[in-house]
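**Q** dropping the sequence and predicted coords here.
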Amino acid sequence: MRALLGNVDFALLLVALTALAGVIWAVDALLFARARVAAAARGESVKEPIAVDYAKSFFPVLLLVVAIRSFLFEPFRIPSESMMPTLLTGDFIFVNKFAYGLRLPVLNTRVVEIGEPLRGDVIVFRLPADTSVNYVKRVVGLPGDVVEYDPGNKEITVNGERVPIERKGSYDGDPNITLGFEQLGEHRHRVLLMRNRPQSPGGVFEVPAGHYFVMGDNRDDSEDGRYLEEVGYIPEGNIVGRAARVWLSWRWPSQGGPRWNRIGEGIE
């Protein structure tokens with residue numbers, strides 16, 4: 001399954017509302033506010049237009065939200081199982097927007113360089129085939145890397161160096177799902193390996209310059225870089241940020257409600 005995070009072009013909507021509120025406030029201040037002040041001084045009863053009142057009230061709040069969401073942290077919801085067991089369906093996560101540099105809202109153009117994605121980082125990115133859709137996956141290959149995935153033993157080779165999986169037995173009591181540990185860069189993380197599932201695509205993947213190769217931790221249930229037509233290699237400009245922390249986790253009411261133990265959990 002895909003780890004797809006709904007966005008509905010919220011960034012564009014938020015910027016548009018902020019700009020509209022700012023324009024209404026500015027135009028009123030330049031052209032109309034003085035006349036109302038003068039009328040009030042003459043003892044006339046003058047009401048501030050409701051649009052101006054709303055603009056003055058909401059513009060500072062909207063501007064603050066745009067700044068935080070664009071340059072600091074942005075919330076996303078995990079709707080699928082492709083990053084299990086690291087991320088669960090119903091997790092709400094904060095994405096660190098400044099980890100890889102500051103970007104302009106909507107345009108996503110990087111204006112200040114701070115860092116680059118590292119192997120093993122969990123990132124949110126805009127899908128190359130449809131940039132209105134956000135995915136979350138783990139970085140496996142950096143620009144220029146050669147990554148090989150063997151669907152038989154479900155292991156990765158990066159630049160000729162095998163990345164072994166330390167298998168720990170069944171996951172959550174299910175004999176058809178094996179829990180493993182894998183080390184990518186500085187990240188030691190868990191992966192799921194499923195039996196009785198069609199094998200995921202294997203092959204050799206040569207990562208182009210300026211691009212990244214990503215995979216899901218749920219190795220047999222993730223539409224990721226191995227699917228070249230659907231996902232493929234991720235351009236640097238499509239990266240939204242690094243997944244940092246779970247701020248809420250919710251089993252839907254029919255499944256038991258909040259997962260209190262996951263709130264505040266860091267993402268490795």
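**A** That came through fine.

**Q** quick one, what contacts the residue lying closest to residue 163 once chain neighbours are set aside?
**A** Of all residues not flanking residue 163 in the chain, residue 156 sits nearest, at 4.5 Å (CB to CB, 6 or more residues apart in numbering). (Each C-beta comes from the backbone N, C-alpha and C, glycine too.) Neighbour list for residue 156: 140, 147-150, 162-163, 182, 184, 215 [criterion: CB atoms under 8 Å, 6 or more residues apart in numbering].

**Q** what's the answer for residue 84, then?
**A** Here residue 84 is in contact with 192, 217-218, 221 (criterion: CB under 8 Å, 6+ apart).

**Q** tell me which of these is nearest to residue 27?
**A** residue 217 (51.1 Å; CB to CB).

**Q** ok, the contacts of residue 84 vs residue 122, which is closest?
**A** So of the contacts of residue 84, ranked by how close each gets to residue 122 (CB to CB), first place is residue 217, at 8.5 Å.

**Q** I figured that closest one hits residue 88, correct?
**A** No: in this structure, residue 217 is not within contact of residue 88 by CB atoms under 8 Å, at 11.0 Å.

**Q** okay, and the common contacts of those two?
**A** By CB under 8 Å, 6+ apart, no residue touches both residue 217 and residue 88.

**Q** quick one, which of these two is more surrounded?
**A** residue 217 (24 against 17; other CB atoms under 10 Å).

**Q** that one and residue 176, how far apart?
**A** Distance of residue 217 to residue 176, computed by CB to CB, to the nearest Å: 17 Å.

**Q** can you check residue 68 too?
**A** Distance from residue 68 to residue 176, by CB to CB: 43 Å.

**Q** without its sequence neighbours, what residue ends up closest to residue 70?
**A** Using CB to CB, 6+ apart, the nearest residue to residue 70 is residue 105, at 4.0 Å.

**Q** for residue 121, same thing?
**A** residue 139 (4.8 Å).

**Q** counting contacts, what elements does the strand or helix carrying that neighbour pack onto?
**A** Here residue 139 is covered by strand 130-141, with elements defined by DSSP states H and E. Secondary-structure packing of strand 130-141 (3 or more CB pairs under 8 Å, 6 or more residues apart in numbering; DSSP states H and E): strand 4-5, strand 122-127, strand 155-158, strand 174-184, strand 211-215.

**Q** what residue lies at the spatial centre of this protein?
**A** In the chain, the residue lying closest to the centroid (CA atoms, centre = their mean) is residue 124, at 3.1 Å.

**Q** tell me how many other residues surround residue 251.
**A** Other residues close to residue 251 by other CB under 10 Å number 13.

**Q** who touches it in this structure?
**A** Taking CB under 8 Å, 6+ apart, one finds 90, 257-259 in contact with residue 251.

**Q** biggest separation within these, which pair?
**A** Most distant of the contacts of residue 251, by CB to CB, are 90 and 257, 10.0 Å apart.

**Q** and the helices in the stretch 1-150 of the chain, which stretches?
**A** 10-31, 33-41, 50-71 (DSSP state H, counting those that start in this stretch).

**Q** next, format these as JSON lines and append mean neighbour count and distance to residue 171.
**A** Converted to JSON lines, the helices of the stretch 1-150 of the chain look like this (neighbours: other CB atoms under 10 Å; distance: least, CB to CB, whole Å):
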{"stretch": "helix 10-31", "mean neighbour count": "15", "distance to residue 171": "34"}
{"stretch": "helix 33-41", "mean neighbour count": "11", "distance to residue 171": "64"}
{"stretch": "helix 50-71", "mean neighbour count": "15", "distance to residue 171": "35"}
